[in-house]
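Asks: Here is a sequence together with a model predicted from it:
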Amino acid sequence: MKHFFILILLLSFNLLITAQPFYRISADFSIKSTQVDSSKQLIMGTVFYDINEKQIIYDIIFPEKEIWVIEDTLTYKIVDDTIKEILKSPNIRETTIFHLALNGQMSDYGLKTSSFTLDKVEGYELQTITTWIPPEEYREYIGKILISKKENKLAGIIFFSGKDEIMSKQFFSKYKNCNGLQFPSEILIIKYFDGIEIYEKTTYKNIKVNNYENNDNYHFELDKY
């Protein structure tokens, strides 16, 4: 867990929102995942994100109706108009696919504006692979990051630990052109725990960018609960 906190810290960045061409995105999603005990899980719903509101809102419809609101370092779970659970976590908003895509930093996963340093660029027939190195003071916990790009689109990421062991892999595919914004409609994440591979596949449909309708969907009034 310490590794994850440090990684989020190093990947965080600040961007000017003025003259922002893309600022809002929503999509229907389904997340299929396997657990450590080999059980399977399916979550379905709609996600809403507006850069100016600084909240990620998941309106879950399956397996049960609930709302997840991620704001700063807290995740709120609301069921039947009641906050049932509050979880503390790193502030991941600026490192999510939604924030990166809207800010035009999807192709390098925001690493150009992070504390990581570009170490190597390798070109192949259909792809370019770049290697990024964390600051020296964090290399005991966090290792290099490999980025694969095809046609200048992010295709894959490999995260390494400070011991040069693979922590996770992410693959991005089936990009959709949404009013000029390129967004991957399928993301596969593979995590490694004690030699066990954990899979999580997310599919996005009905992707809408800069949708002016239903403004209330992009901000959740937590003060009312």
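Replies: Done, it's in.
Asks: Quick one: residues contacting Leu222.
Replies: 69, 71, 76, 83 (CB atoms under 8 Å, 6 or more residues apart in numbering). Using the backbone N, CA and C atoms, a C-beta is placed for each residue, glycine as well.
Asks: Which of those fall in helices?
Replies: Using DSSP state H, no member of the contacts of Leu222 falls within helices.
Asks: how about the helices in this structure?
Replies: Along the chain, counting by DSSP H, helices occupy 2-11, 97-102.
Asks: just to revisit the earlier point, can you redo the contacts of Leu222 as TSV with pLDDT and distance to Ile196?
Replies: Below are the contacts of Leu222 laid out as TSV (pLDDT from 0 to 100; distance: CB to CB, whole Å):
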residue	pLDDT	distance to Ile196
Val69	96	31
Glu71	94	32
Tyr76	95	30
Ile83	94	33
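Asks: Restricted to buried residues, select these in PyMOL.
Replies: With 16 or more other CB atoms under 10 Å as the criterion, this PyMOL line picks the buried residues out of these:
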select buried, resi 69+71+76
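Asks: Among the contacts of Leu222, which pair sits farthest apart?
Replies: Maximum pairwise distance among these (CB to CB): 12.0 Å, between Glu71 and Ile83.
Asks: Ser161: neighbouring residues, count only.
Replies: Residues lying near Ser161 (other CB atoms under 10 Å) number 17.
Asks: hang on, I meant Asp164
Replies: Asp164: 9 surrounding residues under other CB under 10 Å.
Asks: roughly how far apart are it and Gly156?
Replies: Asp164 sits 18 Å away from Gly156, going by CB to CB, to the nearest Å.
Asks: re the thing from before, worst average pLDDT in the helices of the chain?
Replies: Lowest mean pLDDT within the helices of the chain: helix 2-11, at a mean of 52.
Asks: Can you find the helix or strand of the protein with the lowest average pLDDT?
Replies: Using mean pLDDT, DSSP states H and E, the weakest-scoring helix or strand in the chain turns out to be helix 2-11, at a mean of 52.
Asks: Tell me what Asp28 is bridged to.
Replies: Thr46, Lys205 (DSSP bridges).
Asks: ok, it - contacts?
Replies: Counted by CB under 8 Å, 6+ apart, Asp28 has contacts 44-46, 204-206.
Asks: how about the contacts of Leu222 in TSV, adding distance to Leu118?
Replies: TSV is the format used below for the contacts of Leu222 (distance: CB to CB, whole Å):
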residue	distance to Leu118
Val69	35
Glu71	32
Tyr76	37
Ile83	43
